[in-house]
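>>> From the sequence below, what's the structure:
(2 chains)
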Number of protein chains: 2
Amino acid sequence: MNRNYIKLAKCFALLMIPMLGNAQDSNLSQYVKPLIGTAKMGHTFPGATVPFGSVQLSPETDTIPYAVNGVYTGDVYKYCAGYQYDDPTIVGFSHTHFSGTGHSDLGDILIMPTQGKVQLNPGTADRPQDGYRSPYSHDNEVAEANYYKVKLDKHNIHAELTTSTRVGVHRYTFPASDQSHLILDLTSGIYNYDGKNVWTFVRVLNDSTITGYRQTNGWARTRTVYFAIKTSKAFKNYGAKYLDKNVQYKGFWRKFNQEDNFPELAAHNIKMHLDFDTKEGEQVMMKVALSPVSMKNALENMHAETPNWDFEAIVGKGKSDWNRELEKFKVDMLNKEDLVNFYTSVYHANLMPTVYMDLNGEYKGLDQEIHKAEGFTNYTSFSLWDTFRAFHPWLNLVDPKRNSDMVASMMAHHDQSVLNMLPIWSHYANENWCMSGYHSVSVVVDAILKGVYKGDAEAALNACVQTANVRRYEGIGDYIDLGYVPDDKNGTSVSNTLEYAYDDWCIAQLAEKLGKTEIANEFNKRAQNWKNLYDERIGFMRPKDSKGNFREKFDVLDTHGQGFIEGNTWNYSLYVPHQPVELMETMGGQKRFETYLDSLFTMHLPDKYFENTEDITREGIIGNYVHGNEPSHHVAYLYNITKSPWKAQERIRQIIRNQYHNGPAGLGGNDDCGQMSAWYLFSSLGFYPVAPGDPHYWLGSPLVKSAEVKLEGGKLLKVLAKNQSEKNVYVSKVFWNGKELKDFKISHADLSNGGELQFVMASKPKK
Amino acid sequence: MNRNYIKLAKCFALLMIPMLGNAQDSNLSQYVKPLIGTAKMGHTFPGATVPFGSVQLSPETDTIPYAVNGVYTGDVYKYCAGYQYDDPTIVGFSHTHFSGTGHSDLGDILIMPTQGKVQLNPGTADRPQDGYRSPYSHDNEVAEANYYKVKLDKHNIHAELTTSTRVGVHRYTFPASDQSHLILDLTSGIYNYDGKNVWTFVRVLNDSTITGYRQTNGWARTRTVYFAIKTSKAFKNYGAKYLDKNVQYKGFWRKFNQEDNFPELAAHNIKMHLDFDTKEGEQVMMKVALSPVSMKNALENMHAETPNWDFEAIVGKGKSDWNRELEKFKVDMLNKEDLVNFYTSVYHANLMPTVYMDLNGEYKGLDQEIHKAEGFTNYTSFSLWDTFRAFHPWLNLVDPKRNSDMVASMMAHHDQSVLNMLPIWSHYANENWCMSGYHSVSVVVDAILKGVYKGDAEAALNACVQTANVRRYEGIGDYIDLGYVPDDKNGTSVSNTLEYAYDDWCIAQLAEKLGKTEIANEFNKRAQNWKNLYDERIGFMRPKDSKGNFREKFDVLDTHGQGFIEGNTWNYSLYVPHQPVELMETMGGQKRFETYLDSLFTMHLPDKYFENTEDITREGIIGNYVHGNEPSHHVAYLYNITKSPWKAQERIRQIIRNQYHNGPAGLGGNDDCGQMSAWYLFSSLGFYPVAPGDPHYWLGSPLVKSAEVKLEGGKLLKVLAKNQSEKNVYVSKVFWNGKELKDFKISHADLSNGGELQFVMASKPKK
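Residues are numbered from 1 along each chain as shown, chains lettered A, B, ... in the order given. The predicted model follows:
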């Protein structure tokens, strides 16, 4: 059966050479290339998963520790998703991954098939023979939606991976040996460090079933992953090593030899091996189910989701789940590479946040209590600083039920928060406090104003207001008192101030909608706080101290150490998405604003500044415009309010052509949990949500020749780009259902109701 | 109100000088002296608790670490219950304690009231000014059933403690200060060591409510205590210290000052302080509820059990719970000291095992899953090597419903055990594997054969058989193969062999009762395995190696390093409680056996051997008979099968008079979770369960003048000792309901059905 599947996979590969860019009607997963973004800064993972799956089962190519003897290694950053395309060895296959983040965690329950002498340490990339890791070649690697395959060269073992939502399924094809092993490294993890494992508990229930949990400290401070494992073949023997340092007390467990076939293990750090006899070509399968709540639930998840050992059926079920997501989009594009980019972007925008809930509805809350999700699916891993911009708006359009559940998950987080806050960047029942702003309010407000979230709007407003008033968080108290976050009290004072001001505007929008005038007034006032940091003498946003003095030593090209994060003031000064016209006026009016934008895209950013720009490759920037980070994602669209909207169209096409490629290094910066991909998807359809919370999209330049987007309730959104070509990047006219649009905007209400958005493309700008 | 209570307490003290030894009808708790056993080796605790309470709230007088830099300190042994009467300082008040154990754990959630500068380390006994601990005087200490009071001299703070089953209630009377504090030391614990705290999590819900959990390694390998705390007065301020060594990763939590009024804390080691303004004499109360399952459940337990702040009412409720247990016994004794010993023994035999279940029925199982106890109360902390002997038989007679629940708890443990074993020594959802034998089978069998446990008897038999066949545990495999545990493979081979043989006999009894002939035959055969270690050349049990050779170098007086635990071969050779007549014959017949017993009680044990006898003071032995340890608890009764039963009577009275006193040093060895006390209670009523599993008691020499024991279902067991006096220790005749008993035995069926057991006492033995 395996061989048949390989044939089928090859067959797919052949199908992938259509000369034209119009997608096949069925099996669109053929256009998904999970390897895109796995080299350099993309930080995507190539492994198997279903849409938003709890289990994202993928190879790790290295496990650089976060710190050695307390000193940060730096290298760990490369391994946010566990895999770097250029690495020569695979360490093993673990079950949880972030897609495209710039900080990391997870990598739970690492499995590796080996033969010969049991080795429980991974070894190093240059000496794989010292450990369980193996060299591999990309020639022997297949990465598809919900299917990953690789040959592990060291022992000639073929590894195949697939998943259901909560279960990772492994199939290993071994050469003949009476020393075939599956290594379970429960200490391995992404962004690991000595002491990250807080506790590990294992029970071997019988000769083919293991349950347990891994509890870690780390980016998520208090995180526990419960698991249940079954093998398709009974292991003849098993063993374990306790790697604990500093453990003074073993107690009467010394009565047992816990390293040899002992079924109940607990320690800070445990590694295990399961031993088998294998015939030549014998396949041993393993299912690993996860739960946020208990081993029992993990076992139930396994029994319900993967009741048998039909690997192909599980691959097929996942692929059809993918096709269901992909088939929402029928696109005709300029070439095959665009098709791959488009459907891989859909894929990358369907990975995170992940389902964080057992089949029985139980999940662990931020309060570390077990909750039952009533009426919604609970999700986790909200990278909100990134995803509020385009990812959640994208779901509001194409998958509103899912975004509504995500908002419900965020509201549950708020209700469980002892600080009464919506999430900032949360994962696995933890807040990790990463990045600036309180952008969950943007997601909540946008979903309510677009009619997507139908829960209690007043409770949601209340949660937003509470979040925006937690004085102790990141300068909010000073921001409320002074109208800005002061430079002397906060390291990212400008980023915070600008983002808070936008978030506050979102809150005001919801308050107005609910008739809460007092709140609306308060937050409309706060929404203008960006003005307090604009230094008209230099024409940029600039850090200001508590006494009201702008920072003296200030470099407009630099990012670090002067009030910004992931963007210098050239980029960040444009971060007033909610009041762009006021911003333009503040910055000197239409002409000067247009010149500013021109300069941004055309100036040269010297190397020393580039090095201070995080999370991107040199390819991730155009001039000084940084697409590989998020703060400027709306910037190209700002030309729409200048006298030259055609420059928006030109730059958008340029960004698409510059920043999104097929191939492992195809992403110029972190995909950031689908935000980069969502930008691509919106922009290639010709519109973008410049300020979520404003239920309008700004028009740009479509990449598609045509597209049909199936919306909820059977409605159809058609996009047609007449005269589309590589050179015809300019829009001469736009029609919505035949009526010309003059202001480069269209409402969500219109789009989500279905209809045809027709662009007439031209090779020359309409000046 | 406090002052009234103090007056009342003094009033109790006055009442405690009756000239005669007949107990008052009501308020028998006046005879309970929790301080008995708190000096030297008794290892009892003086604090407040209700019968079998989950919370046992008691002062700690020191917190010696188990090991420093990996080296065992030795001193920690003194602090099994956290309190040593001779210590000059009190460290604080913690919520969980074992009573009378010889190894330890617990001491969770230590609270200490202080004033002035916040000190978060305890300081040392000789320099209490360096920490939060305080000197105190026994003159200012009151220890009663469910009430403890002490004045803390350092800051002149009066501390009072009381409890409900799951809630500890503190009342602190402060002098005036704007710097009054309650210290919460979440790192403190009994048998602590660096690294024992695995994880600590705290949420400050509002200015008077805190929830959290403490997760530890230790004697219980994977233990978590969840708590909820409320103060009667809002704290004006609070703070915390993270004491973690080796923590490399703090993440973005650095954005907050977590030490100052920060409501969400998590780390390996956390200490906290709550700050108050107090007026002179102001009382601040604190409730601390525990749960084995969740913070939420702890809070629910608190609300349900202690809905208000009426300290006196909580004291009173607990005292009436105690009186309900004490009033089962109406005794007339020779003097007041005997009354105190009797009722304090009842008290000590009502402390452990403890309720381990929330009010909603949830508890954590050995499998680390949350279970719901259906139809029984779940208990934990089973010190079975001790308690199978007399404690559980005692409950079978006087509190059968409770023992039935304990058996149900043990069966649940078995069902949750991945080794398919009944508990050996278990506490807090953990097996700690302490001591030898698998004596849960004795408890299970005895409870079934006495009609106490009415659950599934076949399942129980199956659990016993499975437990007895876990080959990897403590030499069981060799024991099955060879008929004994070989000396070269196990350090306590003789103790194990003898105890297994007895346990096996228990299993055979149940198998016979259920008509399982094959099992009965198998285990009746195993029950004779004690014979394999009897060396007739020396007349003692003796270690034997796998080849069948007795150990050459062997010292009949020594305990350690030659196959025994807590008893040398002089004592252990008599450990065949199920086949005493066969033992006597094996050992040379009636006369030689009697001489052996005489020698045991009269010989001198040189100091060097005494030092190798664990867990007892010099007063804990009579000759070479060790009453402070358990293996000989049945030995005095063995005279009944010699020609001189009168020697049993003499020795029993001697043991009572030697081993049980009023006063803190009143116990000559560890009370061992009520086993020492249960021996006293049986023996002072005139009978003892020599071999639990045999539903008969052996008669001895009563201490009471008369006693009425209220049995379940309103039946009454009367014991009358005619002509009882200090000198009249000999029994000339015994009658059961008027019928003379000739064989020094009476059945459980008779006794538990009610009636009168009349002893006629005499000053001279009946030879």
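>>> hey, what's the nearest residue to residue A:434 once chain neighbours are set aside bridged with?
Distances taken as CB to CB, 6 or more residues apart in numbering or on different chains place residue A:425 nearest to residue A:434, at 3.8 Å, with adjacent residues excluded. Heads up, the C-betas are built off the backbone N, CA and C, glycines and all. In this structure, residue A:425 bridges to residue A:383 when assessed by DSSP bridges.
>>> In contact with residue A:425: list those residues for me.
By CB atoms under 8 Å, 6 or more residues apart in numbering or on different chains, the contact set of residue A:425 is A:382, A:383, A:384, A:385, A:431, A:432, A:433, A:434, A:435.
>>> measure the closest residue to the last one other than its chain neighbours to residue A:668 for me?
Going back to what we said before, that points to residue A:435. Among residues not flanking residue A:435 along the chain, residue A:385 sits closest, at 3.6 Å (CB to CB, 6+ apart). Separation of residue A:385 from residue A:668 (CB to CB, to the nearest Å) stands at 18 Å.
>>> These two - which one has more neighbours?
residue A:668 (27 against 24; other CB atoms under 10 Å in any protein chain shown).
>>> so the more buried one touches residue A:658, yeah?
Yes - assessed by CB atoms under 8 Å, residue A:668 is found in contact with residue A:658 at 7.4 Å.
>>> any common contacting residues for those two?
Listed as contacting both residue A:668 and residue A:658 by CB under 8 Å, 6+ apart are A:619, A:627.
>>> Next up, the contacts around residue A:261.
A:237, A:238, A:239.
>>> in the stretch 401-550 of chain A, what residue is nearest chain B?
Nearest to chain B in the stretch 401-550 of chain A, going by CB to the nearest CB, is residue A:433, at a distance of 3.6 Å.
>>> Can you get me a residue count around the residue in the stretch 151-300 of chain A that chain B sits nearest to?
When scored by CB to the nearest CB, the stretch 151-300 of chain A has residue A:252 as its residue closest to chain B, at 3.6 Å. Residues lying near residue A:252 (other CB under 10 Å) number 17.
>>> quick check, stretch A:484-501 touching chain B?
No - counting by CB under 8 Å from any CB of the partner chain, chain B has no neighbours in stretch A:484-501; the shortest distance is 9.1 Å.
>>> brain fart, stretch A:457-473
Yes - for stretch A:457-473 and chain B, the contact criterion (CB under 8 Å from any CB) is met by A:472, A:473.
>>> Would you mark the buried spots in that stretch?
Of the residues in stretch A:457-473, A:457, A:460, A:461, A:463, A:464, A:465, A:467, A:468, A:473 count as buried by neighbour count, 16 or more other CB atoms under 10 Å in any protein chain shown.
>>> got a list of what the residue nearest to residue A:274 when sequence neighbours are not counted touches?
Spatial nearest neighbour of residue A:274, excluding adjacent residues (CB to CB, 6+ apart): residue A:235 at 4.0 Å. Neighbouring residues of residue A:235 by CB under 8 Å, 6+ apart: A:182, A:207, A:208, A:274, A:275, A:276.
>>> redo that, cut-off 7 Å
With contact set as CB atoms under 7 Å, 6 or more residues apart in numbering or on different chains, residue A:235 has these partners: A:207, A:208, A:274, A:275, A:276.
>>> Now for the residues you listed: which two are most distant?
A:208 and A:275 (12.5 Å; CB to CB).
>>> Stretch A:468-488 - what's its average pLDDT?
If you average the pLDDT over stretch A:468-488, you get 97.
>>> In the stretch 401-550 of chain A, where is pLDDT below threshold?
Within the stretch 401-550 of chain A, no stretch falls below the threshold (pLDDT under 70).
>>> Quick check: residues of it near chain B?
For the stretch 401-550 of chain A, the contact set with chain B under CB under 7 Å from any CB of the partner chain comprises A:418, A:419, A:432, A:433, A:434, A:472, A:474.
>>> again, only this time at 6 Å
Residues of the stretch 401-550 of chain A lying close to chain B by CB under 6 Å from any CB of the partner chain are A:418, A:432, A:433, A:434, A:474.
>>> tell me the two of those residues that are most distant?
Among those, A:418 and A:434 lie farthest apart (CB to CB), at 19.0 Å.
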